[in-house]
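Trainee: Generate coordinates for the sequence data below:
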Amino acid sequence: MPNRPGLEGGTRDNYQASASETFDADQYDVRIDHRASDAMNIFGRYSRGKFNRDGPTAFGQRSGARSAPSA
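Mentor: Down below sits the predicted model:
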């Protein structure tokens, strides 16, 4: 059910929700430099990142929220 007056007779922007969520970040960078000669420098770089954001949906399970896998 709507929880605020909304616009256009209450048919638009009539629901407001807020919640907190978790955000996990796991990332790293590796760089290797090598001076092969006075005229040649070589370097390599590798970066990796894994990010996970998880929180409740505004309208609950019936709005298409992913359910936890069954064991």
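Trainee: The residue nearest in space to the middle of the chain sits in which helix or strand?
Mentor: Most central in the chain under CA atoms, centre = their mean is residue 53, positioned 4.3 Å from the mean C-alpha point. Taking DSSP states H and E as the definition, one finds residue 53 inside strand 41-54.
Trainee: again with residue 9
Mentor: Counting by DSSP H and E, residue 9 is found in no helix or strand.
Trainee: Phi and psi next, for the closest residue in space to residue 43 that isn't next to it in sequence.
Mentor: The spatially closest residue to residue 43, leaving aside those adjacent along the chain, is residue 33, at 4.7 Å (CB to CB, 6 or more residues apart in numbering). For every residue, glycine as well, the C-beta is placed using N, CA and C. Residue 33 has phi and psi values of phi -120, psi 140 when expressed as degrees, to the nearest 10.
Trainee: still on that earlier bit, show me what the strand holding residue 53 packs onto, helices and strands only.
Mentor: Here strand 41-54 touches strand 22-35, going by 3 or more CB pairs under 8 Å, 6 or more residues apart in numbering; DSSP states H and E.
Trainee: For residue 23, see how far away residue 53 is.
Mentor: Computed as CB to CB, to the nearest Å, the residue 53 to residue 23 distance reads 5 Å.
Trainee: Same check on residue 11?
Mentor: For residue 11, the distance to residue 23 - CB to CB - is 34 Å.
Trainee: cool, and residue 45?
Mentor: Separation of residue 45 from residue 23 (CB to CB) stands at 25 Å.
Trainee: again, but for residue 31
Mentor: Applying CB to CB to residue 31 and residue 23 gives a distance of 26 Å.
Trainee: Just give me the neighbour total for residue 31.
Mentor: For residue 31, the neighbour count with other CB atoms under 10 Å is 9.
Trainee: Would you agree it is in contact with residue 42?
Mentor: No. Using CB atoms under 8 Å, residue 31 is not in contact with residue 42, being 11.5 Å away.
Trainee: got any ranges where this structure has weak pLDDT?
Mentor: Residue ranges of the chain with pLDDT under 70: 60-71.
Trainee: any idea which helix or strand carries the residue located most distally from the centre of the chain?
Mentor: Most distant residue from the mean C-alpha position of the chain: residue 38, 44.9 Å away (CA atoms, centre = their mean). Per DSSP H and E, residue 38 falls between elements, in no helix or strand.
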